[in-house]
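Q: can you look at this prediction? I've put the sequence above it.
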Amino acid sequence: MPHLSDLWSEVSQQRKDVACLAVNVGDSQEVVADWWKEGGFEHEPVLQRRDEVSRAFGVQAYPTNYVIGPDGRVLWRGVGWDPDALRAAVDSTGR
């Protein structure tokens, strides 16, 4: 998560039309809030009630990263941490 937060800090300085969300699975709101505060993360956490978001996107491993275009279509999906691919996918959304 720290790596994603660092990338988000960099991208958000250059792009105001991009959002970064981290979808959590299985932790309480209190646990996530405490971890977020301790980590100093700047992007937004999203809590699932069950696993509806993960199921909707077909997530089978963590972390799974998505870049979704302005039209709501998935432009890129990657499992694991690949900052160069993630950055290229964000750049592909245009400005």
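A: Arrived safely.
Q: what sits closest to A61 if chain neighbours are left out?
A: Excluding the flanking residues, the one nearest A61 by C-beta to C-beta, 6 or more residues apart in numbering is V79, at 5.0 Å. (Glycine included, C-beta is placed from N, CA and C.)
Q: ok, now how distant is the one you found from A33?
A: Between V79 and A33 the distance is 27 Å, computed by C-beta to C-beta, to the nearest Å.
Q: mind listing what's buried along the biggest helix by length in the chain?
A: Longest helix in the chain, counting residues (DSSP state H): helix 2-14. Residues L4, S5, L7, W8, V11 are the ones in helix 2-14 that count as buried (16 or more other C-beta atoms under 10 Å).
Q: what residues sit buried inside the helix or strand following that helix?
A: Downstream of helix 2-14, the next assigned helix or strand under DSSP states H and E is strand 21-24. Using 16+ other C-beta under 10 Å as the test for burial, strand 21-24 gives A22, V23, N24.
Q: can you give me the distance of the last one to G69?
A: In this view, N24 and G69 are 24 Å apart by C-beta to C-beta.
Q: quick check, nearest of the buried residues of helix 2-14 to P83?
A: Of all the buried residues of helix 2-14, L7 has the smallest distance to P83: 5.6 Å, by C-beta to C-beta.
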